[in-house]
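Participant: Quick one: sequence plus predicted model below, questions after.
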Amino acid sequence: MQSKKYELISSDKPGLYRVKALKDFSDIKAGDVGGYVESEHNLSQSGNCWVYDNAQVYGNALVYGNAWVCGEAVVHGNAWVYDNARVYGEAQVSNKAQVYGNAEVFGNARIYDNAQVSNNAQVYGYALVYGNAWVCGEAKVSKGHVRVCLYLQQFGHAITATDSTVGIGCEVHTWEHWDEHIRDIGIKHGYTEEEIEETKLFLRVAKTQIDGELQKSKRGGE
């Protein structure tokens, strides 16, 4: 039977415990006191995962693998943070959102609903990622309401789409700008005519998904 790597100790926050390491692992030493959890369900006893500083994990949320949650970050609801993911600063991950791979969520970013952040993606600043959005690949999102992110594996880029803008790699423009200049942008980056047409198709798919999310939001507010 595997020995526990931490125990729960009392804290100054009602309903939450602090985690205290029982053995050395990763950069943690036996006796180190970490952040806050509601129960052992929130932080796996396996792997090098840890909750640091004043970070909080509660509800049915789970941190496992080698993931870290630190700073003033909060993970709650049914959210999962796993693999080598990092959530820190004052970021929040909630509902059924997932952060995994080597992804990082930090600053004041908010990830919620069924959103996913994966691969080497970074979400930070005041960015909001929600709905069924998936931020992946090498995408970096620092502002805006991200509703859709599609990974273009053949080009090594992600389409990160908000209500008003679309980012593909380092190119971030309004929907209108893409409509008018997509061919020029594609040629500048060495895309073939076929690849430009494929990118147009992906943009149409992203726009359809966003329109669907907007309709859901409007119905929810009625």
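Facilitator: Structure's in. What do you need?
Participant: and the closest residue to residue 66 other than its chain neighbours, what does it touch?
Facilitator: Computed as Cβ to Cβ, 6 or more residues apart in numbering, the closest residue to residue 66 that is not its neighbour in sequence is residue 48, at 4.5 Å. (C-beta placed from N, C-alpha, C; glycine too.) The contact partners of residue 48, by Cβ atoms under 8 Å, 6 or more residues apart in numbering, come to 25-26, 28, 65-66.
Participant: Report pLDDT for residue 48.
Facilitator: At residue 48, the pLDDT value in this model is 97.
Participant: for residue 53, same thing?
Facilitator: pLDDT, residue 53: 97.
Participant: Adding pLDDT, distance to residue 85 and secondary structure, write the contacts of residue 48 out as TSV.
Facilitator: Putting those into TSV (pLDDT from 0 to 100; distance: Cβ to Cβ, whole Å; DSSP: H, G, I helix; E, B strand; the rest coil) gives the following:
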residue	pLDDT	distance to residue 85	secondary structure
25	96	17	strand
26	95	14	coil
28	97	17	strand
65	98	8	coil
66	98	8	coil
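Participant: Are we agreed that residue 204 is in a helix?
Facilitator: Yes: counting by DSSP: H, G, I helix; E, B strand; the rest coil, residue 204 is found in a helix.
Participant: how far away is it from residue 179?
Facilitator: 10 Å (Cβ to Cβ, to the nearest Å).
Participant: So between those two, which is more surrounded?
Facilitator: Between residue 204 and residue 179, counted using other Cβ atoms under 10 Å, residue 179 has the larger neighbour count: 13 against 10.
Participant: Could you confirm that one falls within a helix?
Facilitator: Yes: per three-state DSSP, residue 179 lies within a helix segment.
Participant: Could you check how far it is from residue 13?
Facilitator: Residue 179 is 50 Å from residue 13, where distance means Cβ to Cβ.
Participant: With residue 101 instead?
Facilitator: Using Cβ to Cβ, we find residue 101 at a distance of 30 Å from residue 13.
Participant: go on, residue 200?
Facilitator: Between residue 200 and residue 13 the computed distance is 51 Å (Cβ to Cβ).
Participant: for residue 22, same thing?
Facilitator: From residue 22 to residue 13 the distance is 21 Å (Cβ to Cβ).
Participant: higher neighbour count, these two?
Facilitator: Taking residue 22 and residue 13 together and counting by other Cβ under 10 Å, residue 22 has the greater number of neighbours (16 against 13).
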